[in-house]
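J.: Need a 3D model of the sequence below.
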Amino acid sequence: MKTFTAVIERCPKTGLYVGFVPNLPGAHSQAETLDELYKNLQEVLDLLFENGEPVCETEFIGTQTLVVG
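T.: Numbering: from 1, shown residues only. Sure, this is the predicted structure:
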């Protein structure tokens, strides 16, 4: 069992939640609710793992808050 971190944003134009797993190419989805997004991302990960473990292109480290001005 593996654990991945998903980055979740909300599109101001559509109101949809958009989520992606930074180190897995193709691991992204969108939905109207957070519950639906979670389900969609789970399905995407299941599909990516169908043919074995996908190769992670990077290592997710975290996020950083920056102050400008």
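
J.: Can you list the neighbours in contact with stretch 20-37?
T.: For stretch 20-37, the external contacting residues (Cβ atoms under 8 Å, 6 or more residues apart in numbering) are 4-8, 11, 15-19, 39-41, 43-45, 48, 54, 56-60. For the C-beta atoms, the positions are set from N, CA and C on the backbone; glycine is no exception.

J.: for it, how far is the first residue from the last?
T.: 10 Å (Cα to Cα, to the nearest Å).

J.: List the buried residues in that stretch.
T.: By 16 or more other Cβ atoms under 10 Å, the buried positions in stretch 20-37 come out as 20-24, 27-31, 37.

J.: So which residues of the chain form helices?
T.: Taking DSSP state H, the helices of the chain run over residues 34-49.

J.: mind listing the strands for this structure?
T.: Assignment of strands within the chain using DSSP state E yields the ranges 7-10, 17-20, 28-31.

J.: Can you add mean pLDDT and distance to Gln64 and give the ones you listed back as JSON lines?
T.: Converted to JSON lines, the strands of the chain look like this (pLDDT from 0 to 100; distance: least, Cβ to Cβ, whole Å):
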{"stretch": "strand 7-10", "mean pLDDT": "96", "distance to Gln64": "13"}
{"stretch": "strand 17-20", "mean pLDDT": "96", "distance to Gln64": "18"}
{"stretch": "strand 28-31", "mean pLDDT": "97", "distance to Gln64": "21"}
